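Q: Pasted the sequence and its predicted model underneath.
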Amino acid sequence: MEQIYTIPVNEAFEASAADKSCGCPFCSLYNKLEDDELELILGASMMEPDVRIQTNKEGFCRTHYDMMFTRKNRLGMALTLESHLAELSKEIKDGKLFSPAGARPMKRIAALEDSCYVCRRIEFNFGHMIETAVLLWESDEAFRPKLAAQPYFCLPHYRRLLTVAAGRLDKKKFAEFEKIAASIVNGYMEELQEDVSWFCKKFDYRYDAEPWYNSKDAVERSMRFLRSDLHHPPETKKAKKY
């Protein structure tokens, strides 16, 4: 029986199974989570005291600062920055960093370099979505063909998927799960190798008259496979042509 928390996972896997241009279903899930968080932080959540306390503490990574900036809500971003800078000023401006009094400000700056409110929120929910995919494969027979029909899993999400599956499934079920997932990834990797090799050959004059086949975007597809396809609105992904 479908639960609320399984709906996004089912929808992402159904979309990728039906249309290979959707790519890795986990990349789609990540991008949807990211899009939702950015909408909230510049909208309804912006003035909530508990959210402001956390954004003051954690700040944002450069990627998410850039993504917020491109959403054209400069007032929302400025209001968030105003309170964040005010709090940081109290914590670091009075301490000379290379003195005994500077230990705390130095530690605060270092912590800020590795923290991001949006990244933390995404990671919490995304981790549960990977767990949900394994749970669905284990408990819902209707989900198994959806997983088997995926065009590919990008390598970072493939690793995470198998890590979660290894911790949840018994030995026999994990062996079956791993075989299916590995077949998807290895098959796609072979396809990429052929397409990249053909792309390279097309720059040799001897192959000038030959067709490109499926190699024109082989470089882009390889990058998405190797390092995921993240940090853009979900609707942008749907418009891509593989």
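A: Structure received.
Q: can you pull the pLDDT of F98?
A: F98 is assigned a predicted lDDT (pLDDT) of 69.
Q: what do you get for the one 5 residues further on?
A: At A103 the predicted local distance difference test score is 80.
Q: What's the local residue count around it?
A: Neighbourhood size, A103 [other Cβ atoms under 10 Å]: 12. (C-beta placed from N, C-alpha, C; glycine too.)
Q: Could you do S222 as well?
A: By other Cβ under 10 Å, the residues close to S222 number 16.
Q: so where's this structure uncertain?
A: Applying pLDDT under 70 to the chain flags residues 1-2, 94-99, 101-102, 235-242.
Q: contacting residues for G43?
A: By Cβ atoms under 8 Å, 6 or more residues apart in numbering, the residues touching G43 are 73, 76.
Q: now the residue sitting nearest the centre point of the chain: how far from R71?
A: Residue closest to the average C-alpha location in the chain (Cα atoms, centre = their mean): Y30, at 3.9 Å. The spacing between Y30 and R71, counted by Cβ to Cβ, to the nearest Å, is 18 Å.
Q: before we move on, back to that, can you give me phi and psi for the residue nearest to the centre of the chain?
A: phi -60, psi -50 (degrees, to the nearest 10).
Q: change the start of the numbering to 294 and stick with it
A: Happy to do that; since the first residue is 294 now, the last one works out to Y323.
Q: how about the helices in the protein?
A: Counting by DSSP state H, the chain has helices at residues 300-311, 318-334, 342-351, 355-362, 367-385, 396-406, 410-432, 437-441, 448-461, 464-494, 511-520, 527-531.
Q: Mind putting those into a markdown table with distance to E503?
A: Shown next, in a markdown table, are the helices of the chain (distance: least, Cβ to Cβ, whole Å):
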| stretch | distance to E503 |
| --- | --- |
| helix 300-311 | 31 |
| helix 318-334 | 32 |
| helix 342-351 | 53 |
| helix 355-362 | 40 |
| helix 367-385 | 50 |
| helix 396-406 | 50 |
| helix 410-432 | 40 |
| helix 437-441 | 34 |
| helix 448-461 | 30 |
| helix 464-494 | 8 |
| helix 511-520 | 15 |
| helix 527-531 | 30 |
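Q: Perfect, I'm done here.
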